[in-house]
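Undergrad: Below: sequence and its predicted model.
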Amino acid sequence: MNYLTLPIGTKYPDVVRAVIEISKDTNTKFEYDESLNIFVLDRVLLSSMLYPANYGFIPSTRADDGDCLDILVLMNAQMPPGTVVDAIPVGVLDMTDGGLKDYKVLAVPAFTLNPPSDIDGIDPIFLMIARNFFKGYKELEGKIVEIGQWLPRAKALRYIMEGHERFNRLLELET
């Protein structure tokens, strides 16, 4: 099974599938290996920082950097690598990594009771912690990143739709 080509979800773009690569509160960076169809330990972060949320990707999308769109799924529990969960996008972090846009969609699980309707429903302290996390761990690895602001749900949905369209265009080129 190839996680990258899983359907994006039946309620897209309001609810999307998220494939978790990295569990919340860990510093081990797993990445999905497209050729082997397995999760591989890529590295352990140099910093003492821990991922502030479960982290992974939205299947059937492609971002500007050629990877699937990144997604953070905010909940109290850890989800192990390989977990697939339906998630409601609530906002997106504007980020540039190595000169390429590398947006981070923020979502909550679809089973969340009374989910926030937009980014302003998320604790501002969490938003600061997440911005700081991406800036800090990337800089320690010697990477140049620009961390913008958290953008509203409408922008997240737009980037998800663009990523899904990009994926479909690439799929057409391959056939």
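TA: Alright, I've got the coordinates. Numbering: from 1, shown residues only.
Undergrad: Can you show me the helices along the chain?
TA: Along the chain, the stretches classed as helices by DSSP state H are 124-140, 153-174.
Undergrad: Of these, which is nearest P59?
TA: helix 153-174 (8.6 Å; CB to CB). (Glycine included, C-beta is placed from N, CA and C.)
Undergrad: Determine the set of other helices and strands touching that closest one.
TA: When contacts are defined as 3 or more CB pairs under 8 Å, 6 or more residues apart in numbering; DSSP states H and E, helix 153-174 sits against strand 69-73, strand 84-97, strand 104-109.
Undergrad: one more time with 7 Å
TA: Other elements packing on helix 153-174 under the criterion 3 or more CB pairs under 7 Å, 6 or more residues apart in numbering; DSSP states H and E are strand 69-73, strand 84-97.
Undergrad: Spit out the contact partners of the nearest residue to P80 once chain neighbours are set aside.
TA: Among residues not flanking P80 along the chain, S23 sits closest, at 5.8 Å (CB to CB, 6 or more residues apart in numbering). S23 is in contact with N54, Q78, M79, P80, counting by CB atoms under 7 Å, 6 or more residues apart in numbering.
Undergrad: how far does stretch 69-87 stretch from start to finish?
TA: Between the opening and closing residues of stretch 69-87 there is a gap of 13 Å (CA to CA, to the nearest Å).
Undergrad: Now do the buried residues in that stretch.
TA: By neighbour count on 16 or more other CB atoms under 10 Å, the buried set for stretch 69-87 is L69, D70, I71, L72, V73, L74, M75, M79, P81, V85, D86, A87.
Undergrad: that older thread, let me know which of the helices of the chain is the nearest to D65.
TA: Across those, closest to D65 is helix 153-174 (CB to CB), at 10.8 Å.
Undergrad: relative orientation of the closest one and strand 69-73 in degrees?
TA: Orientation of helix 153-174 against strand 69-73 (axes from the mean of the first three to the mean of the last three CA atoms, to 10 degrees) gives an angle of 140 degrees.
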